[in-house]
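A.B. asks: Turn this into a structure:
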Amino acid sequence: MSLIDTLTTHLPTAPGILPKWLFFISVVSVFNSVQTYVNLALTKQVYANKPEEVTPLSARTFGTWTLISAIIRYFAAYHINDINVYNICIASYCVALWHFGSEWLYYKSCKFDKGLFGPLIVSTCSIAWMLSQREFYTGVVA
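C.D. replies: Predicted structure coming up:
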């Protein structure tokens, strides 16, 4: 069995692409979380209007929050039919959208550029996708 075959046997087995997306975002988020502990450069790119406010403490706090979000999304990828896990996952994306949106529009710490595009696109697309597929995966009518 090849490495690719071995890896794909561990992917979520629920139908559709959404569970695989949640798994992918979870893995990416773990790496993002780790980098906040070892390097401030990427975090300063997100908060590019006020990089001086990015401290080692704030970066680690952000990394911890990102890791918790990754865990929630990982569980959602494998338990996508559980309405409670599904709703918590949607809520995690709503919190992310609120955070990044308020940092951009209210606190003015983010520039509307490459540092902000990723979090905004992932959170808004994931919320819309999950809301549109909620009944399919959970059987619960919105």
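
A.B. asks: Which residues does stretch 22-37 contact?
C.D. replies: Stretch 22-37 is contacted from outside by 11-12, 42-43, 59-60, 62-64, 66-67, 69-71, 73-74, 76-78, 80, 89, 122, 126, using CB atoms under 8 Å, 6 or more residues apart in numbering. Heads up, the C-betas are built off the backbone N, CA and C, glycines and all.

A.B. asks: same thing but at 7 Å, please
C.D. replies: Contacts with stretch 22-37, where a contact means CB atoms under 7 Å, 6 or more residues apart in numbering, come from 11-12, 42-43, 59-60, 62-63, 66-67, 69-70, 73-74, 76-77, 89, 122.

A.B. asks: got it, and stretch 44-60?
C.D. replies: Stretch 44-60 is contacted from outside by 36-37, 40, 43, 103, 108-111, 113, 115-116, 119, using CB under 7 Å, 6+ apart.

A.B. asks: Looking at pLDDT only, which of the residues you listed scores worst?
C.D. replies: Lowest in pLDDT among the contacts of stretch 44-60 is G115, which has 88.

A.B. asks: Counting by contacts, list what the one helix or strand that residue maps to packs against.
C.D. replies: Per DSSP states H and E, G115 falls inside helix 114-138. Under the contact criterion of 3 or more CB pairs under 7 Å, 6 or more residues apart in numbering; DSSP states H and E, helix 114-138 touches helix 18-38, helix 41-46, helix 83-105.
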